[in-house]
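> Generate a structure from the sequence data that follows.
(one chain, ligands or ions: 1)
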Amino acid sequence: MSPDAGTTDRIAVIDFGGQYSQLIARRIREADIHSLLLPHDTPVDELKDLEPKGVILSGGPASVYGEGAPTVDEGLFSLDVPVLGICYGMQLMSHLLPGGDVEKADKCEYGRATVTLDTGTALFRGVTGQTECWMSHGDRVESVPDEFVVAGETENAPVAAMADERRFLYGVQFHPEVTHTEQGQRILENFAYRICGCTGNWTSKQYVTEQIEKIRKAVGENQVICGLSGGVDSSVAAAIVHEAVGNQLTCILVDHGLLRHGEVDEVRHTFEDTFGMDLRVVDARDQFFNRLQGVTDPEEKRSIIGEAFIDVFEEEAERIDGAAYLVQGTIYSDVIESGGATNASTIKSHHNVGGLPEQMGLDLIEPLRSLFKDEVREVGEELGLPEELVWRQPFPGPGLGIRVLGEVTPEKAGILRQADAIIREVIADAGLQREVWQYFATLPNMQSVGVQGDERTYSYTVGVRAVTSEDAMTADWARLPHDVLDTISTRITNEVPDVNRVVYDITSKPPATIEWE
Ligand code: XMP
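Below you'll find the predicted structure:
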């Protein structure tokens, strides 16, 4: 089942490794148009099969003359599909098309610049003639390819934009996708709507309708199983599949003893009581803690938890007669991160719960595979999932197991769970849930001396981690108000036995990661 085929208008973004490539795809989606990020070496026939209404060539760090510089199949320009080259993408067009010329610029141009645009060009219709834009380039186009005209200039770039309106080929040296380019969204929308003829039919409602139809067709009379973790992605995936095939779906929640406070009850309440789903909760706490006994290495812990999860899940799934499909809540950033959508190297394979279906002989249903996190949330809302679930912060598969440093024991997991619940409550009371990307407790493997009720104590330290982020690839520590931190600290030391110290993690990512293990 391909989530990407169908009747939706689509723009393909060809990725040359630029830092803003994903952002281009997002901006197009913000205009209610589906976009896909594709590796630059995607064969042109494959591209054609996707029936894009337009193609955007992204920026990238290379020089078109550099050794091994990424390029595209030149057949792209004969597809009769509009093309917009951005930065490197424009330089590549000039390099590949006859008559064009790219040279090293005397002066690099980084940051803000004022660009003068030819507003008679369809790409710049409705844009003010002189506008602020964001530049980031060393090379520049010296002469435009045959049939092109210069459609914009800056002080350092005589060709800041170019167009061949007869063939619907366009290039901009600046980055319309970043917010510093004042009219950038307008320019991208001009490309998508005016030039490519997109109609803006990429809405969560339309998406849900299409997916339901596809799932029904694929599944037929078969049974489907889904591993629920209580997280946003698996919940939304389960809800969409349930909408499609009703009680042919059985959900399994593995309680590994490393879930957050109240999580099992909340999942039960939402999926069993509200949605009437067939939900099986497997109490596997003993099995997980037994397997984790004496293990301190973070990677080993992760793999033990992963393997134990598969074992428990498989055993439970075998009890479901006729199961032929497995639902997974894979989302688009997982696909991109694991190198499935671009040539990017695998960053952390353990983030993706792969491997499960191959062993089980089940076909996969991944109804969220082409959505970014914010779009998953929109779809969740569309399906009527409760707000607190849809807006829940990300929670890693290995759960509290990678937040208890060192050996994980039921006692330590219990302490952490209590401290974590307090942090979540205080952040919610302060109304900060949506401002902070993730906020949680960690239990470093350390005890220190304190004094509580006039008595000397030798107890655990709890670490508080709260970060702001766009996509978890980078993050900054959240500047939580001091009184919020104070309440967290006071409540944890008063309410959680065996804790006498609370510290706040003030490291960004990089150099740290969000999770401590
Ligand atoms: P790091 O710690 O690498 O985390 O900065 C980035 C984001 O990924 C989440 N995370 C995971 N999610 N399985 C998951 O599903 C995992 O094994 C895992 N490890 C980290 C983390 O919570 C953060 O949002």
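> Would you point out which residue of the stretch 101-250 of the chain is nearest the ligand?
The nearest approach of the stretch 101-250 of the chain to the ligand comes at residue 231, 7.4 Å away (C-beta to the nearest ligand atom). Where C-beta positions appear, they are placed from N, C-alpha and C, glycine not excepted.
> count of neighbours near that residue?
20 (other C-beta atoms under 10 Å).
> Just name the shakiest helix or strand of the chain by mean pLDDT.
Ranked by mean pLDDT, DSSP states H and E, the weakest helix or strand in the chain is helix 356-360, scoring a mean of 69.
> averaged over its residues, what pLDDT does the next helix or strand after that one have?
Scanning forward in sequence from helix 356-360 by DSSP states H and E, the next helix or strand is strand 363-365. The average pLDDT within strand 363-365 is 93.
> next structured bit after strand 363-365?
Next element after strand 363-365 (DSSP H and E): helix 373-382.
> Would you mind listing the buried residues in that following helix?
Applying a neighbour-count criterion of 16 or more other C-beta atoms under 10 Å, one finds 373, 375-380, 382 buried in helix 373-382.
> in this protein, what residue sits furthest out from the centroid?
Most distant from the centre of the chain: residue 454, at 49.2 Å, with distances by C-alpha atoms, centre = their mean.
> do stretch 257-269 and the ligand meet at all?
No: using C-beta under 6 Å from any ligand atom, stretch 257-269 never reaches the ligand; the gap is at least 11.5 Å.
> buried stuff in that stretch?
Quick answer for stretch 257-269 (16+ other C-beta under 10 Å): 257-261, 263, 266-267.
> Run through who's touching that stretch.
Residues outside stretch 257-269 that contact it (C-beta atoms under 8 Å, 6 or more residues apart in numbering): 228, 230, 235, 253, 255, 279, 281, 284-286, 288-289, 305, 389, 395, 398-401, 408, 410, 413, 417-418, 420-421, 424.
> can you give me how far that stretch is from the chain middle?
Offset of stretch 257-269 from its chain centre (C-alpha atoms, centre = their mean, to the nearest Å): 24 Å.
> Now do the end-to-end distance for it.
End-to-end distance for stretch 257-269: 19 Å, by C-alpha to C-alpha, to the nearest Å.
> Please apply the same query to stretch 112-122.
24 Å.
> elements contacting whichever strand or helix holds residue 415?
Remark: residue 415 resides in helix 410-429, with elements defined by DSSP H and E. Contacts defined by 3 or more C-beta pairs under 8 Å, 6 or more residues apart in numbering; DSSP states H and E place helix 410-429 against helix 285-292, strand 438-442, strand 455-468, helix 482-495.
> So which bits of the first one are buried?
By neighbour count with 16+ other C-beta under 10 Å, helix 285-292 contains the buried residues 285, 287-289, 291-292.
> And residue 405, how far from the ligand?
13 Å (C-beta to the nearest ligand atom, to the nearest Å).
> quick check, nearest of the buried residues of stretch 257-269 to residue 224?
residue 267 (17.7 Å; C-beta to C-beta).
> circling back to that earlier point, what does the helix holding residue 415 contact?
Taking C-beta under 8 Å, 6+ apart as the rule, helix 410-429 contacts 257-258, 260-262, 285, 289, 400-401, 403-404, 433, 436, 439-443, 460, 462, 464, 466, 480, 484, 487-488, 491-492, 495-499.
> how about 6 Å then?
Residues from elsewhere that reach helix 410-429, judged by C-beta atoms under 6 Å, 6 or more residues apart in numbering: 260-261, 289, 400, 403-404, 433, 439-441, 443, 462, 487-488, 491-492, 496, 498.
> Which positions within that helix qualify as buried?
In helix 410-429, counting by 16+ other C-beta under 10 Å, buried: 412-424, 426-427.
> Give me the pLDDT for the residue farthest from the centre of the chain.
Reading off the model, residue 454 has pLDDT 90.
> same deal with residue 339?
At residue 339, the model reports a pLDDT of 58.
> what do you get for residue 353?
Residue 353 is given a pLDDT of 45.
> re the thing from before, tell me which of the buried residues of helix 373-382 has the lowest pLDDT.
Among the buried residues of helix 373-382, residue 373 has the weakest pLDDT, 87.
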